[in-house]
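Colleague: below are the sequence and a predicted model for it; my questions follow.
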Amino acid sequence: MDTNNRDVVETVIRWVFARFHVEPTHPWFVFAVLLVIPALWWARRSSGRVVFSSLRALPAGGQTWRTRFEWLPDALICLAVASLAIALTGPRAGDKSSRIRRDGIAIVMAIDVSGSMRALDLSEKTQELTRLDAVKKVFEQFVLGREDDAVGLVAFARYADTRSPLTLDHGNLVTAARQLDFARQDEDGTAIGAGLELAVQRLVDFKARGKVIVLLTDGESNIHEIDEDTAIEDATKAGIKVYTIGAGTNGVAPIRVDRGDGRSELMQMQVSIDETMLRRIADKTGGQYFRATDNASLRKIYAQIDKLEHTSIEGVQFTEYRLFYGRFVIAAMMLVVLAFVLRGTALRRLP
């Protein structure tokens with residue numbers, strides 16, 4: 001299982017636990033519930049039986065309540081195993097919290113996920129990477145290096161959508177970034193105005209003196225349902241700085257195309273970035289425009305942005321937790337005891 005799939009599975013596990021207002025300390029132990037299968041096999045294997053020389057020797061009268069419920073002890077054993085699996089995950093819930101002040105700023109990353117981000121010109125020397133892959137790797141390093149900042153994530157192509165609200169929980173933010181993928185063919189395009197406007201709206205109501213947008217695109221805006229000038233004006237009114245990044249080499253860039261027979265080939269794609277618009281967005285909002293023509297320059301750009309000014313942000317941090325694993329251990333023990341009592345008395349099997 002690759003990293004992206006593991007992150008998706010862990011996110012689903014945490015989401016399920018969150019429905020019950022708890023979080024797992026060790027989410028992967030939930031798969032211990034699969035031990036129910038051998039437990040059931042073992043329980044059924046011990047079924048008693050008696051050989052009769054003739055069916056006439058069998059008592060008449062059909063089923064009794066004992067035969068109807070003979071499966072109950074086996075089911076209780078399986079429930080006990082499932083309860084122990086949940087206990088192993090270490091379920092807990094925040095009990096006592098405190099407000100903490102941190103020195104940081106509020107940043108929203110607006111990232112282009114259009115089809116042209118499949119180009120390979122930002123690859124590392126030892127690894128072939130699409131532009132989007134390269135951006136995700138640098139974004140992760142950037143975020144983990146700014147633990148005191150509230151960071152959010154917006155993706156845009158033909159449409160823009162929020163992938164993560166502004167948060168100090170950078171672990172979940174990185175998970176959301178890793179799950180970024182290219183826009184579907186029917187949603188392809190580059191709506192810079194929509195991406196910028198949504199990022200602005202995420203920041204407008206957030207309480208912080210320093211508000212910044214880092215907008216990265218590799219093309220020209222060709223969807224204008226939200227006008228770029230309107231988004232620029234809204235950013236200026238809200239006091240938001242916008243740092244823009246044009247990603248891609250000059251002229252042409254390699255892109256891997258699927259031939260449809262299970263193989264792929266490299267082709268050349270024309271690079272066309274509206275640097276005039278990106279400069280205008282940065283200039284009018286007090287930010288700066290950068291051009292990333294390779295992986296090294298992309299990293300340097302994020303390093304430069306990393307030197308932004310800091311301000312104070314308040315957050316909530318849990319300092320005490322209620323642990324629930326003990327309840328599941330006790331429940332498992334009671335289920336096992338009940339199963340053996342039933343199997344040894346009312347639901348006893350013949351040897």
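Modeller: All right, it came through fine.
Colleague: quick one: contacts of the lengthiest helix in the chain?
Modeller: Ordering each helix of the chain by length in residues (DSSP state H) puts helix 325-344 first. Applying Cβ atoms under 8 Å, 6 or more residues apart in numbering, the external contacts of helix 325-344 come out as 72-74, 76-77, 79-81, 83-84, 86-91, 349. C-beta: built from backbone N, CA, C; applies to glycine.
Colleague: at 10 Å instead, please
Modeller: For helix 325-344, the external contacting residues (Cβ atoms under 10 Å, 6 or more residues apart in numbering) are 24-26, 43, 46, 48, 69-70, 72-92, 347-349.
Colleague: tell me the buried residues in it?
Modeller: Under the neighbour-count criterion of 16 or more other Cβ atoms under 10 Å, helix 325-344 has 325, 328-329, 331-332, 335-336, 338-339, 342-343 buried.
Colleague: got the residues you listed as TSV, with distance to residue 198 columns?
Modeller: Shown next, in TSV, are the buried residues of helix 325-344 (distance: Cβ to Cβ, whole Å):
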residue	distance to residue 198
325	41
328	42
329	47
331	46
332	48
335	50
336	54
338	55
339	56
342	60
343	61
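Colleague: list just the nearest of those to residue 215.
Modeller: residue 325 (45.1 Å; Cβ to Cβ).
Colleague: so what's residue 93 up against?
Modeller: Residue 93 is in contact with 17, 20-23, 318, 321-324, counting by Cβ under 10 Å, 6+ apart.
Colleague: any idea how far it lies from residue 335?
Modeller: 23 Å (Cβ to Cβ, to the nearest Å).
Colleague: ok now the longest helix of the chain, how far from the chain's centre?
Modeller: Centroid separation for helix 325-344 versus its chain: 36 Å, with Cα atoms, centre = their mean, to the nearest Å.
Colleague: what about that helix, average pLDDT?
Modeller: In this model, helix 325-344 has a mean pLDDT of 84.
Colleague: low-confidence stretches in the chain?
Modeller: For the chain, the stretches flagged by pLDDT under 70 are 1-4, 43-67, 94-103, 308-320, 347-351.
Colleague: do that again at 50, thanks
Modeller: 50, 52, 55 (pLDDT under 50).
Colleague: spell out, range by range, the helices that occur in it.
Modeller: Using DSSP H, helices in the chain cover 3-18, 36-45, 65-68, 72-88, 131-144, 170-178, 192-204, 228-237, 275-285, 295-305, 325-344.
Colleague: next, the buried residues of stretch 109-124.
Modeller: By 16+ other Cβ under 10 Å, the buried positions in stretch 109-124 come out as 109-123.
Colleague: could you do stretch 173-184 as well?
Modeller: For stretch 173-184, burial by neighbour count (16+ other Cβ under 10 Å) applies to 173-178, 180, 182-183.
Colleague: with just CA atoms, put that stretch into CSV.
Modeller: Provided in CSV are the C-alpha atoms of stretch 173-184 (Å, rounded to 0.1, in the frame of the first residue of the first chain):
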residue,chain,number,x,y,z
LEU,A,173,-3.5,19.6,6.4
VAL,A,174,-0.6,17.6,5.0
THR,A,175,-2.9,14.6,4.5
ALA,A,176,-5.3,16.8,2.5
ALA,A,177,-2.4,18.1,0.4
ARG,A,178,-1.2,14.5,-0.4
GLN,A,179,-4.7,13.7,-1.7
LEU,A,180,-4.7,16.5,-4.2
ASP,A,181,-5.2,15.1,-7.8
PHE,A,182,-5.6,16.5,-11.2
ALA,A,183,-9.0,17.9,-12.2
ARG,A,184,-11.3,15.6,-14.2
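Colleague: which one among the buried residues of stretch 109-124 gets closest to residue 33?
Modeller: Closest approach between these and residue 33, by Cβ to Cβ: residue 113, at 35.9 Å.
Colleague: the closest one reaches residue 135, doesn't it?
Modeller: Yes: in terms of Cβ atoms under 10 Å, residue 113 counts as a neighbour of residue 135; the distance is 9.4 Å.
Colleague: which neighbours do those two have in common?
Modeller: Residues touching both residue 113 and residue 135 by Cβ under 10 Å, 6+ apart: residue 180.
Colleague: in this structure residue 149 contacts residue 211, no?
Modeller: No: applying Cβ under 10 Å, one finds residue 149 not in contact with residue 211, separated by 11.0 Å.
Colleague: so what sits against both of the two?
Modeller: Shared contacts of residue 149 and residue 211 (Cβ under 10 Å, 6+ apart): 105-107, 166, 311.
Colleague: can you give me the domain boundaries for this structure?
Modeller: Domain segmentation of the chain under automatic domain parsing yields 3-47+64-90+324-344, 102-314.
Colleague: any idea which of these is most buried?
Modeller: domain 102-314 (a mean of 18; mean count of other Cβ atoms under 10 Å).
Colleague: and that one, how far from the chain's centre?
Modeller: That offset, for domain 102-314, works out to 18 Å (Cα atoms, centre = their mean).
Colleague: ends of stretch 251-262, how far apart?
Modeller: End-to-end distance of stretch 251-262 (Cα to Cα, to the nearest Å): 29 Å.
Colleague: who's in contact with that stretch?
Modeller: Under the criterion Cβ under 10 Å, 6+ apart, residues 115-123, 128, 130-131, 218, 247, 264-272, 293 lie in contact with stretch 251-262.
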